[in-house]
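Engineer: kindly generate the corresponding structure for this input.
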Amino acid sequence: MRAPSGETYQQLQELMRAKALHTVCEEAMCPNMGECWGSGTATFLLLGDVCTRTCGFCDIQRGKPSPLDWLEPERVAQAVKAMKLQHAVITSVNRDDRKDGGAPIFAMVIRRIRRAAPRLLDRGVDPRLQGQPGSAKKL
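Structural biologist: Just a heads-up that it's a prediction; the model follows:
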């Protein structure tokens with residue numbers, strides 16, 4: 001595994017920090033981050049960087065999450081547009097602290113991305129579906 005580096009990696013890192021966004025790549029300490037970010041792709045992680053579950057396979061921080069960030073959907077859409085993506089991978093931490101699991105943010109992100117990048121091919125993976133058939137349906 002090579003260490004993350006390069007101009008595209010740096011640009012992506014700066015974009016994510018400037019927009020206060022989280023990625024699975026960083027939070028789960030993905031070993032492929034350098035390769036993906038170096039080619040200009042990332043998996044956006046919605047609803048913060050703290051998960052309410054303790055899955056043994058995941059390295060995302062566990063605990064009590066912060067309140068929802070209602071401005072996050074616009075920042076994600078701006079990042080998708082700035083990255084000139086052909087497709088975006090969007091997922092989230094689990095938010096068992098909320099009856100709706102944070103679904104309103106997920107819906108807002110999809111609507112904002114469609115507005116910012118109308119030609120984007122989009123699919124969502126909702127963690128609440130837990131791998132059920134059709135969990136990656138066309139949105």
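Engineer: can you mark which positions in the longest strand along the chain are buried?
Structural biologist: With secondary structure taken from DSSP state E, the chain has its longest strand at strand 87-92. Taking 16 or more other Cβ atoms under 10 Å as the neighbour-count basis, strand 87-92 is seen to contain the buried residues 88, 89, 90, 91, 92. For every residue, glycine as well, the C-beta is placed using N, CA and C.
Engineer: strands paired with that strand, and their directions?
Structural biologist: Here the strand partners of strand 87-92, with direction, are listed using DSSP bridges: strand 43-46 (parallel), strand 121-124 (parallel).
Engineer: which one of those strands has the lowest average pLDDT?
Structural biologist: Per-segment confidence across the strands paired with strand 87-92 bottoms out at strand 121-124, which has a mean of 56 in mean pLDDT.
Engineer: and stretch 76-85, how far out from the chain middle?
Structural biologist: Relative to the mean C-alpha coordinate of its chain, stretch 76-85 is positioned 12 Å out (Cα atoms, centre = their mean, to the nearest Å).
Engineer: what comes into contact with it?
Structural biologist: Surrounding stretch 76-85, the residues in contact under the criterion Cβ atoms under 8 Å, 6 or more residues apart in numbering are 12, 15-16, 19, 21, 40-42, 44, 46, 88, 90, 109, 112-113, 115-117, 120.
Engineer: sort out for me which of those are in helices.
Structural biologist: With helices taken from DSSP state H, the overlap with those comprises 12, 15, 16, 109, 112, 113, 115, 116.
Engineer: distance of residue 109 relative to residue 81?
Structural biologist: Using Cβ to Cβ, to the nearest Å, one obtains 13 Å as the distance from residue 109 to residue 81.
Engineer: assumed residue 70 was part of a helix.
Structural biologist: No - with DSSP: H, G, I helix; E, B strand; the rest coil as the criterion, residue 70 is located in coil rather than a helix.
Engineer: what's near enough to touch the residue minimising distance to the centre of the chain?
Structural biologist: Compute the mean C-alpha point of the chain, and by Cα atoms, centre = their mean the closest residue is residue 44, 1.6 Å away. Residue 44 sits next to 21, 22, 23, 24, 76, 79, 80, 88, 89, 90, 91, 109 when contact means Cβ under 8 Å, 6+ apart.
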